[in-house]
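> generate a structure from the sequence data that follows.
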Amino acid sequence: MELACHRCGATLASPELFCPHCGAPQLRFESTEEQPPYQAGGNGSSSRGNQLIAWRPAVHAALIVALPVGLLSSLLDFGVFWVLVGGFCVIALYQRKATLIANPGAGWRIGLLVGVLAAFLSSVVDGLSMVFERYGLHRGASIDQKLVALTQQMTEQMVHQNPEAAQQIPWFIHFWLSPDGHAAVVLFMSAFAAVMMIAFSSVGGALGARVLGSRKRLSIHS
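Got it, this is the predicted structure:
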């Protein structure tokens, strides 16, 4: 293949940095013969492919698993066991519906989705049950007694841990015994339970992806 100057078109005898006729610099781009093709999907063979998630089956599986996890967390109080199991089970259900193999990076994301959905459902059920118990069953007095007992326990622990804070205790008790204080206690407890559900569900998803993903890879290669 003859080389020609890109400015004057003169034929060059050999690859030179400058054209001997017009002196223009000769710049060339040499492409490699083989380049790995970009993989937009697949079974996770590339570094980017390992992070891919088929979100439609993932969301569908998360909705199915979040329903019992959220109800159990609301009716039987928050439990680490079934939240972890929920994160594990959503990966098992996802592996059946999707062609992609979930790795721990994708597993904790799907588990986090289950935790968010389950925490939302649990908070809604708790709020509705508390409203029904207070205004439908007229058990507001018992609810307030439990909150007062919880407030007293919190103040006693504060005094024991930090005696210097005893001067602030009257204002503290006055606030927590008020309706705003009761709402703050309930909101704090609900937020803490939601964070724990999301965290443990993410851990369950990562563990499920590590265990079930490795089994699926072995079954494919065998």
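> only C-alpha atoms from now on, for both contacts and neighbour counts.
Will do.
> which helices and strands does the top helix by length along the chain pack with?
Assignment by DSSP state H gives helix 179-221 as the longest helix of the chain. Contacts defined by 3 or more CA pairs under 8 Å, 6 or more residues apart in numbering; DSSP states H and E place helix 179-221 against helix 80-97, helix 104-131, helix 140-161, helix 169-176.
> now do the contacts for the residue sitting nearest the centre point of the chain.
The residue lying closest to the centre of the chain (CA atoms, centre = their mean) is L112, at 3.1 Å. By CA atoms under 8 Å, 6 or more residues apart in numbering, the contact set of L112 is 87, 198-199, 201-202, 205.
> how about the nearest residue to it, chain neighbours excluded?
Spatial nearest neighbour of L112, excluding adjacent residues (CA to CA, 6 or more residues apart in numbering): S202 at 4.5 Å.
> hang on, S202 packs against R109?
Yes - S202 lies in contact with R109 (CA atoms under 8 Å); the separation is 6.6 Å.
> those two: which has the busier surroundings?
More neighbours surround S202 than the other of S202 and R109, with 30 against 20 (other CA atoms under 10 Å).
> A62 and A191, how far apart?
21 Å (CA to CA, to the nearest Å).
> between these two, who's got more neighbours?
A62 (28 against 14).
> let me see the contact set for the more buried one.
Listed by CA under 8 Å, 6+ apart, the contact partners of A62 are 90, 110-111, 113-114, 117.
> try R210
By CA under 8 Å, 6+ apart, the contact set of R210 is 102-104, 107.
> lowest average confidence across helices and strands of the protein, where is it?
Using mean pLDDT, DSSP states H and E, helix 169-176 stands out as the lowest-scoring helix or strand of the chain, at a mean of 70.
> next, the spatially closest residue to H21 that is not a sequence neighbour: phi, psi?
Leaving aside its sequence neighbours, H21 sits nearest to A10 (CA to CA, 6+ apart; 7.2 Å). Main-chain dihedrals, A10, degrees, to the nearest 10: phi -70, psi 150.
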